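>>> Sequence and predicted model, in that order:
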Amino acid sequence: MNERERLLRRLSSYDFAVTELHIYLDTHPDDVNASQALADYENKSCQLREEYEEKFGPLTPANETGNRWAWIADPWPWN
Amino acid sequence: MWVYEKKLQYPIKIKQTNPQLAKIIISQYGGPDGELGASLRYLSQRYSVPYPEIKAILTDIGTEELAHLEMIGTIVYQLTKNLSMEEIKNSGFDSYFVDHTTGIYPASSSGMPFNAAAMQVKGDIITDIHENLAAEQKARTTYDNILRFCDDPDVTDPIRFLRAREVVHYQRFGEALRIVTDKLDSKNFYAFNPEFDRQKK
């Protein structure tokens, strides 16, 4: 596993926690502990996402930095 | 609207191709209980629902199903990379190959193209949530059946992740059903359809 894959794995694990807590909160909107955990993971994800995108290019089209090739470039997720 | 993220929900890196397994797993791409049907079902059901919690859960789970569709496409793609004609013939992948080469086409394992007849949007939230509870269990069974055919940890690992998500979604839909019935007439949940009838006071 190279550094890009390692970083992406960590980011995916934070983002998974965000997805899971977010869906849980749809049916438990008053769960304060879950909302706090969601905020924590969103924070962690946000920081790591910045680091990843700086090193390996944008993860969403909105975060493109002027270099058109950074978005187009391989690898795509299925590669 | 949606925003694409250039990453998978769960990492997939398959080293050993296996066209026979690919032909089985394609069912979760475009088969009767697959991820395409799942996302279309939830994302279509949500429009006429009057309750905000239910709009949220259908939108969020429907969106996650799109990420699962991409994972299944990735698994099938990686299982069928750089195949020789010999491997294609011997694995039984030839009947898929003749129509689609190694492209990813939404069909069931038996070759039936994706068909919306395997899903329902009934316009009655009690009925639709029961449809969804059943759909999550049908997908869970399909993943259990897929796991009977594979021993490569590169494949079983993401398939187990997807199977676990079906169980979690089933749980959330169970809670959604409770949220809906709490808003209805406790003496008769079926007294009126909240997606169509005006509530009788």
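Thanks, I have the structure now. Not measured: the values here are computed from a predicted model.

>>> Residue B:74 touches residue A:75, doesn't it?
No: because the distance of 11.3 Å does not satisfy Cβ atoms under 8 Å, residue B:74 is recorded as not touching residue A:75. All C-beta spots, glycine's among them, are computed from the backbone N, C-alpha and C.

>>> Settle it for me: which of the two has more neighbours?
Set side by side, residue B:74 and residue A:75 show more neighbours around residue B:74, with 22 against 10, by other Cβ atoms under 10 Å in any protein chain shown.

>>> What helix or strand is the more buried one located in?
Taking DSSP states H and E as the criterion, residue B:74 maps to helix B:52-79.

>>> Around chain A, pick out the residues from chain B.
With Cβ under 8 Å from any Cβ of the partner chain as the criterion, chain B meets chain A at residues B:3-13, B:53, B:56-57, B:60-61, B:64, B:70, B:73-74, B:77-78, B:168-169, B:172, B:175-176, B:179.

>>> 6 Å instead?
Applying Cβ under 6 Å from any Cβ of the partner chain, we find that chain B lies next to chain A at B:3, B:5-8, B:11, B:56-57, B:60, B:74, B:77, B:172, B:175-176.

>>> In what element of secondary structure is residue B:127 found?
In the assignment (DSSP H and E), residue B:127 maps to helix B:125-149.

>>> report the angle between the axes of that helix and helix B:52-79?
Inter-element angle recorded for helix B:125-149 and helix B:52-79: 20 degrees (by axes from the mean of the first three to the mean of the last three Cα atoms, to 10 degrees).

>>> List, one by one, the residues from chain A near chain B.
Counting by Cβ under 6 Å from any Cβ, chain A sits next to chain B at A:9, A:23, A:26, A:27, A:59, A:60, A:77, A:78.

>>> burial of the fourth one, as a residue count?
It refers to residue A:27. Residue crowding around residue A:27 was assessed by other Cβ under 10 Å; the count is 20.

>>> tell me the contacts of it?
Residues near residue A:27 by Cβ atoms under 6 Å, 6 or more residues apart in numbering or on different chains: B:172, B:175, B:176.

>>> Need the per-residue pLDDT for the last one.
The reference is to residue B:176. Model confidence at residue B:176, given as pLDDT, is 98.

>>> residue boundaries of the helices in the chain?
Went with chain A since none was named. When secondary structure is read from DSSP state H, chain A shows helices at A:3-27, A:32-56, A:68-72.

>>> my question was about chain B
Per DSSP H, chain B carries helices over the ranges B:19-25, B:27-30, B:35-45, B:52-79, B:85-91, B:94-100, B:125-149, B:153-183.

>>> Flag the shaky bits of chain A, pLDDT-wise.
Scanning chain A for pLDDT under 70 picks out nothing.

>>> Need the outlier residue of it, farthest from its centre.
Distance from the C-alpha centroid of chain A, by Cα atoms, centre = their mean, peaks at residue A:30 (24.9 Å).
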